[in-house]
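**Student:** Let me see the structure of the following:
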Amino acid sequence: MEKNLTTPYMDMVTSKMHIMDAQKHFGRLRDMLAEWSNDSGDLVNGSALLFPDFPPKKDHIYDKLYEKSSDETEVAALLSIILTGLLAVVERQLADQLPGGKFYNVDDRVRKETQSMPLHNLSSENLFARLDRLQKNMPNANTVTMEGIILWSHNKTYAYLNSLELKEKDALIQKARQKSPQILKAYRERKEMIRNKYREQLQEKQKQKLAKDRRTAERKDKIVDDISSQEGACKSREELELNIVNMTEKETFSYLQAQIRYQKNIHGIKKGTEKLDYQFQHKGKRFTAEQLKQNLVKILECENGHDQEATPITPANPEKKEEKLTALKRKLTDKIGNQRKQRKQ
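**Tutor:** Below you'll find the predicted structure:
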């Protein structure tokens, strides 16, 4: 992937190319991904060529990658899935530059307006990389200092000052010194304002957390009180059967709800159970008392360690693995088809 896709693509976007001329490369990228997602043989045997103008760089790592291996069949299957996913991303994110997009085959006016538009965001990434390095090398420096260093380097201020007459250069330096206290004052005021705002937000979050914790505690207290009025929580199926034997249907329903609510909020959802086991309805339909009883019995059995034994780990079945890969690829292909339909509408 790195040798045949990533590096050639980055070589293309970092070249001195007009952004509108990159459309033919975007189109070829889409076409080659579509071809390789169906048959990734060229990527596996090393004969793939994404962009003729930007061939892959062949070195000792490249040669090592394309030595004969017994895993080529499995690699080809995995590549097919990955490339199908990449195809979906490319068709979605480059839709405006592909045939039918609003920036495909634009007129000369648009080409002129976009003449200085870069093909990448490496410039901004470079600035943040410099900032990250300065923060590590100068942990006590303030933001104004780091901004000045970055701008001095990025704008080539040193070379600009040396190109000026001595008198003009001294005047600019003197002006910068005079403005320094004013800039630092504005920086400190801004920093204090941001700090106060952050402090207010933190206090509000703490207030909300305390209120939420108080509500949770009150709810749990009420649940425990309800259970205490029913002579405590059930421990087993036998105890449950004994407690509800003389209850009416309405009393049984309320009793089961209280018991399930106690198990969920006090003990939490247990291993071997599902979230649905702790609910009182599903898809708008309320559970019957018998259904609630079955769910509570399941919860109690898991509580008492009677849940099902863990299924032993067995080696993956090659046929099932292939079926899963095929299903995943079909899902990605359907997604691509839906994206194409949406663009046509």
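**Student:** This structure - how does it break down into domains?
**Tutor:** 2-113, 121-157, 237-303 (automatic domain parsing).
**Student:** Mean pLDDT added to those, as TSV?
**Tutor:** Shown next, in TSV, are the domains of the chain (pLDDT from 0 to 100):
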stretch	mean pLDDT
domain 2-113	87
domain 121-157	91
domain 237-303	87
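**Student:** for those, which one sits closest to residue 189?
**Tutor:** For those, the distance to residue 189 is smallest for domain 121-157, at 12.2 Å, taking CB to CB. Where you see a C-beta, it was placed from the backbone N, CA and C, and this is true even at glycine.
**Student:** distance between the ends of the closest one?
**Tutor:** The first and final residues of domain 121-157 sit 23 Å from each other (CA to CA, to the nearest Å).
**Student:** Turn the domains of the chain into JSON lines, including distance to residue 188 and mean neighbour count.
**Tutor:** JSON lines is the format used below for those (distance: least, CB to CB, whole Å; neighbours: other CB atoms under 10 Å):
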{"stretch": "domain 2-113", "distance to residue 188": "40", "mean neighbour count": "15"}
{"stretch": "domain 121-157", "distance to residue 188": "9", "mean neighbour count": "12"}
{"stretch": "domain 237-303", "distance to residue 188": "49", "mean neighbour count": "15"}
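**Student:** just so I know, which of these lies nearest residue 190?
**Tutor:** Across the domains of the chain, closest to residue 190 is domain 121-157 (CB to CB), at 9.2 Å.
**Student:** How far off centre is that closest one?
**Tutor:** Chain-centre distance of domain 121-157: 27 Å, with CA atoms, centre = their mean, to the nearest Å.
**Student:** Would you map the strands across this protein?
**Tutor:** 281-282, 285-286 (DSSP state E).
**Student:** so which of those strands comes closest to residue 332?
**Tutor:** Comparing the strands of the chain by CB to CB, strand 281-282 comes nearest, at 31.2 Å.
**Student:** quick one: contacts of that closest one?
**Tutor:** Outside strand 281-282, the residues that touch it by CB atoms under 8 Å, 6 or more residues apart in numbering are 276, 287.
**Student:** same check, this time on stretch 88-98
**Tutor:** With CB under 8 Å, 6+ apart, stretch 88-98 has contacts from 22-23, 26-27, 29-30, 33, 101-104, 332, 335-336, 339-340, 343.
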